[in-house]
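Asks: this one's structure only:
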């Protein structure tokens, strides 16, 4: 049972196997037709965000309200006792007394996992360090599944910052449970790390290729998952300057794609997708944010409904 | 119908004509006797504030709760993806998936209008640049109408920063629909801009006079609308230092006014009204904040009620 | 009646006498078995925090939701009109129009008292300057009373920063109504101020001793209330550096204590309690945060229920 398996929360995309994903995709699909409900009436969600967020925090908070629950939390560690030197473990052991579930985003690798070790209520990882953002990956899969009608058999390009991008790491993990062909597309400096690729290849038997020039595969892709080069993850700003404009997906590129091609992006974007294609039916990154709401409603309902 | 005309939201005071204003003033009046209701149950308001706010944000949020709805949002752009370089247009196209209406305050001229162009839900302008703050002007009119019993025929002074002050620009626009005499009172450096005055005079047929010394008209005014000299709007801080203490309305001034004179201020004030007159029946700037709640309840009810 | 006596709110621990404390401890006890209720349905709480907070703000907000009410507010003065130079008095006279009760934390001594003078609704002091944090002291007493079964007759050590710590000042005030033996334990530089001790001794007839080495009394204490050395209260950072590691309560210390000894801390802690004893039954500082929720539910219910 999903609820039993994830009673400690949603920590890592690595914990998800095909049956778990199919189950929650089905729940997400059902949520598409539930605008408001009272199934979480009396429940409180705490959103603890130590890094900026628009989509993740607001969609979780909206999801909670849509299901009848309430929200407390903070939008920046600066307004919390972390500012006075409190450890994250102490913050968690405090806040769990005030709510029924905690959504946490924190720059430290393993932060959500650590939080789950200390908490007696479910923890949802809303982004930890550069490795994990599992609920983003779940909403990405919901988007693809709803828009393409399937996951098995698709050719998907994953492009941009594959070294520091937590969304692509979680996405690759989830995709590894399906029969997909992945094309990892990045500048040389931002290739997926060796350890990661070994794990994907050896443990998960993922079929993937690496390349730099996306135009080589544009005509065979069903889905292209574009990501931002994230300035805030670079220790070396010169390295960032070299790669920041490496990819700019244009109208001309879009014309090379299949008829039913879909362009996704976890957002925010800077300039890696030209706004002139925003209105194309192939550009579904804003629609994707809508699927985010439904996936988060599904997750909260699963974890919190009595 | 108000709801049809403003289905894209409340963007500019320029969009309001006499019948629109009279309609929403009537709705605001009715809200005076509605403390709590459930007419917006299941609705979510997003408050996106890129500039500091006390009155505007909290009164909208309180209004939403008083009508049974819920609220998500952010209090500073620093905690959102704008911090990572996201455009306002992208933020809007994301957030609209999580709510039923967006209230936005942003320093950029035209920001709310631009947001409305991208959104499929109503946008409420809670202050854009130095030109527009339409819901403030509506609550100002509600205050005058409730306290004076009328708008036509009044002599109103509008005083302080007429160059950069968005509240006075929106107020002048709304007042232009009534048979009022306006006295624009300011230091030379902060006079209303020429283009603005031409529009008011030629397009709107507003009867106004400009002066610097408010004491010349103090005995004939029914209402004085005082404003703060806004440090944050000055590019040149020396200019600010020259004018910041230009007007200080005192107890002695108050004595020169008519018996039923009313002193308004959108707040915050710094030192332009001496606190020793706060308790006078003529000083209604705190009462004005209360009318703000009711006007915002009226606006939200009109835009969002099924 | 508690509600009548405190109709202006909870401002100072000095206002509490034995019968008031016993009454609210009983209400707090009753709240232990009330997870959700609707007694504050339709009520709005404003939380105005001008200093960082985790426990106090989130527990008040959670308490309000658990009782069916709603919350507005800000988590930092930077996002409010205080940033534009507004006085606290003006902020209070504005916000009271939007809510039924205000919880305020502000660094200025006497800030909550001043707020209460201007407001027509109850004010709850969530920490003002270095002297007052009455609801923390109430939850501390609830914790002791629930865990020890009594307050009279206990030996309690109060240790750490007794000069700048507002929690210990409020706690001492409340304890002065009971027949307890207090041991004030601090480095020489952080002893309780003379004026304070005189008041406790002469006005309140408190039995207390002062010492520096807590090990001398460890075997006779029933309760030790440990506090953090608060960096943000020191004008002189060198003074802070000298005393910051003065006390570190260890596993070895814990072994010297009585069987039913309880270690409390208002949190956050830095390093003054070693985490290795967190799981001891004698360490109840996280449980204490849970009692905080219940005490705040009791306070809100008393002040706001119709």
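Replies: Arrived safely. If you're wondering where the values come from, they're calculated on a predicted model, not measured in any experiment.
Asks: Might you enumerate the residues of the stretch 101-250 of chain A proximal to chain B?
Replies: Contacts of the stretch 101-250 of chain A with chain B, taken as Cβ under 8 Å from any Cβ of the partner chain, map to A:228, A:230-232. No exception for glycine: its C-beta is placed from N, CA and C like everyone else's.
Asks: where's the most centrally placed residue in chain A, which helix or strand?
Replies: For chain A, residue A:136 is the residue whose C-alpha lies nearest the centre (Cα atoms, centre = their mean; 1.8 Å). Under the criterion of DSSP states H and E, residue A:136 resides in helix A:134-148.
Asks: again with residue A:157
Replies: strand A:155-159.
Asks: The following helix or strand past that strand vs helix A:134-148, what angle?
Replies: Per DSSP H and E, strand A:155-159 leads on to helix A:166-175 as the next helix or strand towards the C-terminus. In terms of direction (axes from the mean of the first three to the mean of the last three Cα atoms, to 10 degrees), helix A:166-175 departs from helix A:134-148 by 60 degrees.
Asks: Which residue ranges of the stretch 101-250 of chain A form strands?
Replies: A:101-106, A:123-128, A:155-159, A:181-185, A:207-211, A:223-226 (DSSP state E, counting those that start in this stretch).
Asks: tell me the most buried of those strands?
Replies: Neighbour counts (mean count of other Cβ atoms under 10 Å in any protein chain shown) averaged over each of those peak at strand A:123-128, with a mean of 27.
Asks: just how off-centre is that strand within its chain?
Replies: On the basis of Cα atoms, centre = their mean, to the nearest Å, strand A:123-128 sits 10 Å off its chain's mean C-alpha point.
Asks: same for that strand, what does it pack against?
Replies: strand A:9-10, helix A:55-66, strand A:101-106, helix A:111-118, helix A:134-148 (3 or more Cβ pairs under 8 Å, 6 or more residues apart in numbering or on different chains; DSSP states H and E).
Asks: Now the closest residue to residue A:82 other than its chain neighbours: which helix or strand?
Replies: In this structure, residue A:82 finds its nearest non-sequential neighbour in residue A:91, 6.3 Å apart by Cβ to Cβ, 6 or more residues apart in numbering or on different chains. Element membership for residue A:91 (DSSP H and E) is helix A:88-95.
Asks: same check, this time on residue A:297
Replies: Applying DSSP H and E, one finds residue A:297 within helix A:285-304.
Asks: near chain C at all, that helix?
Replies: No - Helix A:285-304 stays clear of chain C (Cβ under 8 Å from any Cβ), getting no nearer than 13.4 Å.
Asks: ok and that helix relative to helix A:134-148, angle-wise?
Replies: 120 degrees.
Asks: Can you name the residues that contact residue A:95?
Replies: A:46, A:48, A:102, C:54, C:58 (Cβ atoms under 8 Å, 6 or more residues apart in numbering or on different chains).
Asks: go on, residue A:197?
Replies: Applying Cβ under 8 Å, 6+ apart, the residues near residue A:197 are A:208, A:210.
Asks: Could you do the one 10 residues further on as well?
Replies: Under the criterion of Cβ under 8 Å, 6+ apart, the neighbours of residue A:207 are A:180-182.
Asks: change it to 10 Å
Replies: Residues near residue A:207 by Cβ atoms under 10 Å, 6 or more residues apart in numbering or on different chains: A:175-176, A:179-182, A:200-201.
Asks: cool, residue A:96 as well?
Replies: A:46, A:102, A:115, A:118-123, C:286, C:289-290.
Asks: could those residues be laid out in TSV, adding pLDDT?
Replies: Putting the contacts of residue A:96 into TSV (pLDDT from 0 to 100) gives the following:
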residue	pLDDT
A:46	98
A:102	98
A:115	97
A:118	97
A:119	98
A:120	97
A:121	98
A:122	98
A:123	98
C:286	98
C:289	98
C:290	98
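Asks: and those residues, which are buried?
Replies: Buried residues within these, counting neighbours by 16 or more other Cβ atoms under 10 Å in any protein chain shown: A:46, A:102, A:115, A:118-119, A:121-123, C:286, C:289-290.
Asks: the domain parsing of chain A - what is it?
Replies: A:2-131+A:292-304, A:134-289 (automatic domain parsing).
Asks: Just say which of those domains is most tucked in.
Replies: Sorting the domains of chain A by mean neighbours (by mean count of other Cβ under 10 Å), the first place falls to domain A:2-131+A:292-304, with a mean of 21.
Asks: gap between the two ends of stretch A:188-196?
Replies: Using Cα to Cα, to the nearest Å, one end of stretch A:188-196 lies 16 Å from the other.
Asks: tell me the mean pLDDT over that stretch?
Replies: The predicted model gives stretch A:188-196 an average pLDDT of 91.
Asks: got a list of what residue A:106 touches?
Replies: A:48-51, A:77, A:82, A:88, A:91, A:112, A:114-115, A:125-129.
Asks: which intervals of chain A have sub-threshold pLDDT?
Replies: Across chain A, nothing is flagged by pLDDT under 70.
Asks: From the centre of it, give me the residue that's furthest out.
Replies: residue A:84 (30.5 Å).
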